[in-house]
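Student: The following comprises the amino acid sequence and a computationally predicted model.
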Amino acid sequence: AQVVQAEFIKSSVRTEDCPSDGLPEFALVGRSNVGKSSLLNSLVRRKKLALTSKKPGKTQCINHFKVNDSWYLVDLPGYGYASAPQELRTDWNKFTKDYFLNRSTLVSVFLLIDASIPAKKIDLEYASWLGQNQVPMTFIFTKCDKRKKKRNGGKRPEENVNEFQELIRGFFETAPPWIMTSGVTNQGRDEMLLHMAQLRNY
Ligand code: GTP
Ligand code: MG
């Protein structure tokens with residue numbers, strides 16, 4: 001299930017503007033700076049296909065990347081970016097939520113969670129919303145290469161992941177699948193590609 005080809009197709013601000021060729025797609029969503037664009041680059045083995053930045057708020061539209069001419073990876077704006085103007089923030093909420101509920105070719109939402117820090121309230125809120133709305137999803141834990149740091153709660157990624165799993169238990173009838181990844185070491189890349197291949201063949 002390797003990527004042989006990947007290309008940027010288009011940026012959209014509304015669900016209706018997204019590509020209409022009916023190919024299956026997977027959306028990367030998560031807090032600003034969680035590593036959505038880095039993970040996308042790691043999956044397709046290209047350093048700069050999706051633009052990344054130390055400054056949160058880099059990705060601002062629904063960006064479609066076509067893979068192997070047969071499915072899409074979709075890079076979405078991050079949530080919880082406190083310094084974005086309030087107006088912009090609600091807009092992101094509106095259009096990403098509309099996209100989750102109405103995009104018929106969306107196979108699974110990949111909710112990215114930073115494994116190098118303790119669970120954040122806003123991540124729990126998004127997980128809960130997806131669960132309540134029965135949007136098919138997968139948890140993708142990012143930055144699993146990072147060592148524990150006192151200022152980040154002093155826990156290893158594995159410990160943060162276990163705690164997160166406990167906290168979200170009540171949100172889902174059946175626990176969604178989850179994968180540990182790193183855009184730096186490419187941990188989890190093959191597992192993600194296999195997971196997506198299996199979901200596409202349902
Ligand atoms: P927005 O588009 O602003 O919402 O951010 P994003 O989620 O796309 O994050 P992006 O990929 O731009 O990465 C944000 C920062 O985290 C960058 O400085 C990355 O180098 C860093 N980063 C991303 N993934 C990893 C990872 O797996 N490990 C480590 N150590 N750093 C990472
Ligand atoms: Mg981004």
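Tutor: Cool, got the structure. Numbering: from 1, shown residues only. Ligands and ions are numbered 1, 2, ... in the order given.

Student: Would you mind identifying the helix or strand in the protein with the lowest mean pLDDT?
Tutor: helix 86-102 (a mean of 74; mean pLDDT, DSSP states H and E).

Student: And the helix or strand just after that helix, what does it pack against?
Tutor: The first helix or strand that comes after helix 86-102 along the chain, using DSSP states H and E, is strand 106-114. In terms of contacts (3 or more Cβ pairs under 8 Å, 6 or more residues apart in numbering; DSSP states H and E), strand 106-114 is packed against strand 25-30, helix 86-102, helix 121-132, strand 137-142, helix 189-200. Backbone N, C-alpha and C define where each C-beta goes, glycine included.

Student: so where is the protein shaky, pLDDT-wise?
Tutor: For the chain, the stretches with pLDDT under 70 are 51-60, 81-92.

Student: Show me what the residue most central in space within it bridges to in the sheet.
Tutor: The centroid of the chain falls nearest to residue 28 when counting by Cα atoms, centre = their mean (2.6 Å). Residue 28 forms beta bridges with residue 75, residue 110, as assigned by DSSP bridges.

Student: Residue 39 is in contact with that one, correct?
Tutor: Yes: counting by Cβ atoms under 8 Å, residue 28 touches residue 39, with 6.4 Å between them.

Student: shared neighbours of the two, anything?
Tutor: Taking Cβ atoms under 8 Å, 6 or more residues apart in numbering as the criterion, residue 28 and residue 39 both touch 112, 140.

Student: wait, is residue 9 part of a strand?
Tutor: Yes: assessed by DSSP: H, G, I helix; E, B strand; the rest coil, residue 9 belongs to a strand.

Student: Look up how far residue 175 lies from it.
Tutor: Distance, residue 9 to residue 175, using Cβ to Cβ, to the nearest Å: 33 Å.

Student: neighbour-wise, which of the two wins?
Tutor: In this view residue 9 and residue 175 are compared by other Cβ atoms under 10 Å, and residue 9 has more residues nearby, 15 against 11.

Student: contacting residues for that one?
Tutor: Residues counted as contacts of residue 9 (Cβ under 8 Å, 6+ apart) are 19, 64, 65, 66, 72.

Student: Can you tell me which of those are buried?
Tutor: For those, a burial check counting by 16 or more other Cβ atoms under 10 Å picks out 64, 65, 66, 72.

Student: Next up, phi/psi of the residue at the greatest distance from the centre of the chain, please.
Tutor: Outermost residue of the chain with respect to the C-alpha centroid, by Cα atoms, centre = their mean, is residue 150; its distance is 26.4 Å. Backbone torsions for residue 150, taken as degrees, to the nearest 10, come to phi -50, psi -50.

Student: Fine by me, thanks again.
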